[in-house]
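Engineer: Give me coordinates for this.
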Amino acid sequence: QYLMPILLNTLTRQDEDEDEDEWKPNKASGVCILLAASCCEDSIIEHVMPFVNTHIQNQDWKFREASILAFANILEGPSQAVVLPYAVQAMPVLIQCMQDPMTPVRDTVAYAIGRICEYLPEAIVDQQYTGVLVERILAGLSAEPSVAAHYCVAVQSLVETAYDNVEMAEGQVEPATFSLSSIFGMMMKQLLDVTERADASSANLRSSAYEAVMEMIKNSPTDCYPVVQSTMDIIMGRIQQLLHMSPSIIAANRAQYVDLQSLLCAALQALLQRITPEDAVKVSSLVFNTLLALLQTSSTGGVQEDVLMAFGSLIEQVGASFLEHMETFKPFLLLGLRSLSEHQVCFAAVGLVGDLSRSVGLKALAPISDEVISILLATLSDEGAHHTIKPQILSVFGDMALAMGAHFTKYLEPVLAVLRGATKLGIETLSDREQLYELREAILEGYTGIVQGLKGDDETQVNPEVRLLQGQPLAEMLAYIEVVAADPYHTESIVAVACGLVGDLCKAFGKDLLPHVDKAVYHSLLAEGRQSKTSKTKALATWASKVIRRMKVV
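Structural biologist: Next comes the predicted model:
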């Protein structure tokens, strides 16, 4: 009531040629309105909408722009039922403003359209103005960089909404088609053209366009798959161009060159996740050699991380076919694991060990496991290692154990020792509770993989190697589950992993374990899991509860 008139009036104090990076009162006012909407929710409407309705068609461009910005910044916060009618009512005027003669107005309306697409897609899809809006958005990709960047965001949300709104039959993996199929190829071409605009480095335009490309790849129905395949060829061609770029050009445009490397790797990763495994195998050698060349020529940790993540997507798609590259890949993987000074690279390399464990298995790990385990154990004892790496290593031990089965027994003693040490870490030794949650989940995942790997996947017979866990290791696992379960602040994912571990231990050790798990703390944990709204947590808790009930009957 008192603050909003001041903020709204301050919005109108903008300049036509304002520097987008300069922080001024009108920009600060816009952020205040955004935060106020988040705090006040529905009650913000009555204090902002009169200003919007009065000035959205004002002759003074400053008031037009201010009213559009005010409207855009209250879209998130109020309930959808309250704000949606206003969005639907405003759309025809906003579409008209997309052709406003003043650049600041076109810029802000592009921002507003993007936020409507993101938060209120119902105001966009299946409306009488939808066709005109999509046409204007695509035309806006040729506008000034700041305007075009906002329309890239709008394209992302449009494609995601169109994909999510398709009704699929039970068991159908992906939609056969969707409402944007007829213009999907044209949209992709325009976005790829935007990424190569001479001014694409301004206003974050290039990265916005590539993010929209990746969203289109992710949300592409079956009938748009040929566009995905052709985009793969384009992205691979652009990476090859980068690799052959002259050193003088690179030196003169170093920052843009590095950004482009990361963007192309991210786009390639999205493509690898979308194409069929059969197509991935066909291009695997070309992709492998290209990524390896990028890794060898890059001196930036961020790019190296992106390359390793793209390798992870390749491994997931081609599975055992990656074995032909393991000998060549091994030294680069080990180098990444040792890169503690570039913690994001080390983190990505540890993730690759998990990818190899899950997607390729024992044949990939057997030749490298001694060195990998040695490096990982050394990293855990290194006080200089980044705090994000250590929990991931504990979890990856579980992935390796599950993949290696009985072959993991040679590493069992040192791995159980580091897990035991990690269980003793509490909130008093970590910087915040989020780190504690992350650590607990990782420890439980490590234990789960070890139990499952040593137990084997034969439902009728348990491998004898699991007996190595009897005694102190088993007691430590149960004690840790009880500590985690007794903490009222545990997370949903911790409950899921803990319930799964309870079930795995019961399957591994049978009715001998019943006296240990037939306690209130386990009953409470499993009951919480069964009542979860998350399907994974509910399924694991229900399964573990059934295992315990069957043990009682037997």
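Engineer: what does stretch 346-362 contact?
Structural biologist: With CB atoms under 8 Å, 6 or more residues apart in numbering as the contact definition, stretch 346-362 has outside contacts at 304-305, 308-309, 311-312, 315-316, 319-320, 322-323, 326, 333, 336-340, 364-365, 372, 376, 379, 385-386, 388-389, 392-393, 395-396, 399-400, 402-405, 407. Every residue, glycine included, has its C-beta placed from N, CA and C.
Engineer: I should have written stretch 244-258 there, sorry.
Structural biologist: Ser201, Leu242, Thr300, Gly302, Val303.
Engineer: Surely Ala385 is in contact with Leu340?
Structural biologist: Yes: proximity of Ala385 to Leu340 meets the contact threshold set by CB atoms under 8 Å, at 5.4 Å.
Engineer: And stretch 180-196, how far out from the chain middle?
Structural biologist: Distance of stretch 180-196 from the chain centroid (CA atoms, centre = their mean, to the nearest Å) equals 23 Å.
Engineer: now do stretch 227-237
Structural biologist: Between the centre of stretch 227-237 and the centre of its chain there are 22 Å (CA atoms, centre = their mean).
Engineer: same question, stretch 278-292
Structural biologist: 23 Å.
Engineer: List the buried residues in that stretch.
Structural biologist: Asp279, Ala280, Val281, Val283, Ser284, Val287, Phe288, Thr290, Leu291, Leu292 (16 or more other CB atoms under 10 Å).
Engineer: Equivalent analysis for stretch 355-371, please.
Structural biologist: Asp355, Leu356, Ser357, Ser359, Val360, Gly361, Ala364, Leu365, Ile368, Ser369.
Engineer: Helices along the stretch 151-300 of the chain, start to end?
Structural biologist: Taking DSSP state H, counting those that start in this stretch as the test, the helices found in the stretch 151-300 of the chain are 181-195, 205-218, 225-243, 247-252, 254-274, 277-297.
Engineer: May I see the ones you listed organised as JSON lines, with mean pLDDT added?
Structural biologist: Listed next are the helices of the stretch 151-300 of the chain as JSON lines, based on pLDDT from 0 to 100:
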{"stretch": "helix 181-195", "mean pLDDT": "97"}
{"stretch": "helix 205-218", "mean pLDDT": "97"}
{"stretch": "helix 225-243", "mean pLDDT": "96"}
{"stretch": "helix 247-252", "mean pLDDT": "76"}
{"stretch": "helix 254-274", "mean pLDDT": "94"}
{"stretch": "helix 277-297", "mean pLDDT": "96"}
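Engineer: want to throw those helices into CSV with distance to His150?
Structural biologist: Converted to CSV, those look like this (distance: least, CB to CB, whole Å):
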stretch, distance to His150
helix 181-195, 12
helix 205-218, 8
helix 225-243, 23
helix 247-252, 30
helix 254-274, 18
helix 277-297, 31
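Engineer: Pull the contacting residues for Lys533.
Structural biologist: No contacts exist for Lys533 under CB under 8 Å, 6+ apart.
Engineer: can you do 10 Å?
Structural biologist: By CB atoms under 10 Å, 6 or more residues apart in numbering, the contact set of Lys533 is Glu492.
Engineer: for the one 4 residues further on, same thing?
Structural biologist: With contacts defined as CB under 10 Å, 6+ apart, the neighbours of Thr537 are 492-500, 528-531.
Engineer: Work out for me the element it sits within.
Structural biologist: helix 535-553 (DSSP states H and E).
Engineer: how about that helix: buried residues?
Structural biologist: Applying 16+ other CB under 10 Å to helix 535-553 flags Thr537, Lys538, Ala539, Leu540, Ala541, Thr542, Trp543, Ala544, Ser545, Val547, Ile548, Met551 as buried.
Engineer: for it, the distance to its chain's centre please.
Structural biologist: Worked out by CA atoms, centre = their mean, helix 535-553 lies 30 Å from the chain centre.
Engineer: avg pLDDT for that helix?
Structural biologist: Across helix 535-553, pLDDT averages out at 93.
Engineer: Pull stretch 211-220 out as PDB, backbone CA atoms only.
Structural biologist: Extracted as PDB, the C-alpha positions of stretch 211-220 are listed here (Å, rounded to 0.1, in the frame of the first residue of the first chain):
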ATOM      1  CA  GLU A 211      20.200 -23.300 -24.300                       C
ATOM      2  CA  ALA A 212      17.100 -23.100 -26.400                       C
ATOM      3  CA  VAL A 213      18.600 -25.500 -28.900                       C
ATOM      4  CA  MET A 214      19.300 -27.900 -26.100                       C
ATOM      5  CA  GLU A 215      15.800 -27.600 -24.800                       C
ATOM      6  CA  MET A 216      14.400 -28.400 -28.300                       C
ATOM      7  CA  ILE A 217      16.600 -31.400 -28.500                       C
ATOM      8  CA  LYS A 218      15.500 -32.700 -25.100                       C
ATOM      9  CA  ASN A 219      11.800 -32.100 -26.000                       C
ATOM     10  CA  SER A 220      11.700 -33.400 -29.500                       C
END
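Engineer: Pull the distance from that stretch to the chain's centre.
Structural biologist: In terms of CA atoms, centre = their mean, the centre of stretch 211-220 is found 13 Å from the chain centre.
Engineer: ditto for stretch 50-62
Structural biologist: Chain-centre distance of stretch 50-62: 39 Å, with CA atoms, centre = their mean.
Engineer: cool, stretch 194-214 as well?
Structural biologist: On CA atoms, centre = their mean, the centre of stretch 194-214 falls 20 Å from the chain's centre.
Engineer: can you tell me how far Gly421 sits from Leu394?
Structural biologist: Computed as CB to CB, to the nearest Å, the Gly421 to Leu394 distance reads 10 Å.
Engineer: for Met400, that is, sorry about that
Structural biologist: From Met400 to Leu394 the distance is 11 Å (CB to CB).
Engineer: Now for the residue lying closest to Glu528 once chain neighbours are set aside: which residues touch it?
Structural biologist: Nearest non-adjacent residue to Glu528, counting by CB to CB, 6 or more residues apart in numbering: Val495, 5.9 Å away. Residues in contact with Val495 (CB under 10 Å, 6+ apart) are 441, 444, 484-485, 525-526, 528-529, 532, 534, 537-538, 540-541.
Engineer: just those now: which is nearest Ala66?
Structural biologist: Using CB to CB, Thr534 is the member of those that lies nearest Ala66, at 42.6 Å.
Engineer: wait, isn't Val281 in contact with His325?
Structural biologist: No: using CB atoms under 10 Å, Val281 makes no contact with His325, being 11.9 Å away.
Engineer: who touches both of Ala385 and Leu340?
Structural biologist: Common neighbours of Ala385 and Leu340 (CB under 10 Å, 6+ apart) are Cys346, Ala378, Thr379.
Engineer: higher neighbour count, Gly421 and Leu394?
Structural biologist: Leu394 (24 against 11; other CB atoms under 10 Å).
Engineer: Leu439 is in contact with that one, correct?
Structural biologist: Yes: using CB under 10 Å, Leu394 is in contact with Leu439, at 7.6 Å.
Engineer: Between the two, which contacts overlap?
Structural biologist: Ala422.
Engineer: quick revisit: out of the contacts of Val495, which end up buried?
Structural biologist: Burial by neighbour count, 16+ other CB under 10 Å: within the contacts of Val495 this picks out 441, 444, 484-485, 525-526, 528-529, 532, 537-538, 540-541.
Engineer: any idea how far Glu526 lies from Ala36?
Structural biologist: Heads up, residue 526 is Leu, not Glu. 43 Å.
Engineer: Over to Val451?
Structural biologist: In terms of CB to CB, Val451 sits 51 Å off from Ala36.
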